[in-house]
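>>> Starting from these lines, generate the structure:
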Amino acid sequence: MVARVRAGEVQLGWRQWGEGDVTVVFIHGNLASKDWIELAAPLFPSGVRVIGIDWRGCGESDRPPPTADFSNYSMRQHALDMLAALDELQIPFCHLATHSTGGIIAARMLLKQPERFGRVFALDPVTPLGMAFNAEQTDLFRKMMRSRELTRAVMATAAASLFVPESLAPNTVPRFREGLAEIQAFYEPHPGADIRCVRGRLARDAVQPQSGAGER
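Numbers count the residues shown, from 1 in each chain. Here you go, the predicted structure:
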C-alpha cells in the first residue's frame, strides 16, 4: 500500500528508510520523486531515519488541476505542502537533503520556520531566483513525457557515467552499463499505470512544466 500524508487539501506520497533518532527529510527536484534516493538507501548510516516526500503532482501525490497562473504548483506552495506534511508526520525537527529545484523549496521552508531545521545538504541546487523556461524548452519537456527514448537521451547528457560510452553517439539510443538493472527497471512501463510525474521512471512520467519556472 502506498503511504500518503495529508498536506492541506492534498495527499502527498512519502516513504521512510531506516530508523533512528536523527531524521533527514529528502526533497527531490523537478521531473523527479522521492524514489530518486532509493539507490542511495543502502549507503545510509545506521541510526538515521530518512523521509522522502513527493511534491504535489509528482510520484504518489495528488495531482490537482493547475490554476490559470499555476500558483498552486509554485515553489511557495510546495514549501507550504512540505511543512504541512512534517506537521502531520509529527516531525518537529529534522535535517534536510535536497536535489536541484528541491533546494528552492528548502530555502522557503527555512525562511518560514528556521528553528525547525538543522543542517542542509543541497546537491546541485537551483538558484532561489528560479528557472525560466522558454517555449522551446517547455515543448521538450512535453516530448519527454511521451517518449522513453527521448527522455533517456536527454538524461544521458546529465548522467553520462551510467551509460555505455559508445551508445552516446548522435542518433543512438543510450544503453545502460552492465550491473544497473535497478535503474533500467525504472524505465520500463507498468501495466495499467497512468501518466505521472517521474518517480524514477522518467520516460513515462509527467509534471507541470511551469512549476516554479522563473518564480521569484
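
>>> quick one: residue 14 and residue 58 touch, right?
No. Counting by Cβ atoms under 8 Å, residue 14 sits too far from residue 58 to count as a contact (11.6 Å). Yep, even glycine has a C-beta here, placed from its N, CA and C like the rest.

>>> okay, the two: which has more neighbours?
Each of residue 14 and residue 58 has its neighbours counted (other Cβ atoms under 10 Å); residue 58 has more, 31 against 23.

>>> That one and residue 33 touch, don't they?
Yes. At 5.1 Å, residue 58 counts as touching residue 33 under the criterion of Cβ under 8 Å.

>>> Mind listing what's buried along the helix of greatest length in the chain?
Ranked by residue count and defined by DSSP state H, the top helix of the chain is helix 75-88. For helix 75-88, a neighbour-count test (16 or more other Cβ atoms under 10 Å) marks 75-86, 88 as buried.

>>> Of those residues, which is the nearest to residue 173?
residue 78 (33.0 Å; Cβ to Cβ).

>>> Next, the contact list for the closest residue to that closest one other than its chain neighbours, please.
Setting aside the residues directly before and after it, residue 78 is nearest to residue 105 in space (Cβ to Cβ, 6 or more residues apart in numbering), at 4.8 Å. Residues counted as contacts of residue 105 (Cβ atoms under 8 Å, 6 or more residues apart in numbering) are 27, 55, 75, 78, 79, 82, 98.

>>> try 10 Å
Shown here is residue 105, whose contacts under the criterion Cβ atoms under 10 Å, 6 or more residues apart in numbering are 27-29, 55, 75-83, 96, 98, 126, 212.

>>> do the same with residue 4
Residue 4 sits in contact with 10, 11, 12, 13, 14, 54, 60, 61, 62, 85, 88, where contact means Cβ under 10 Å, 6+ apart.

>>> gap between the residue sitting furthest away from the middle of the chain and residue 172?
What lies farthest from the middle of the chain is residue 166; by Cα atoms, centre = their mean that is 29.1 Å. Between residue 166 and residue 172 the distance is 8 Å, computed by Cβ to Cβ, to the nearest Å.
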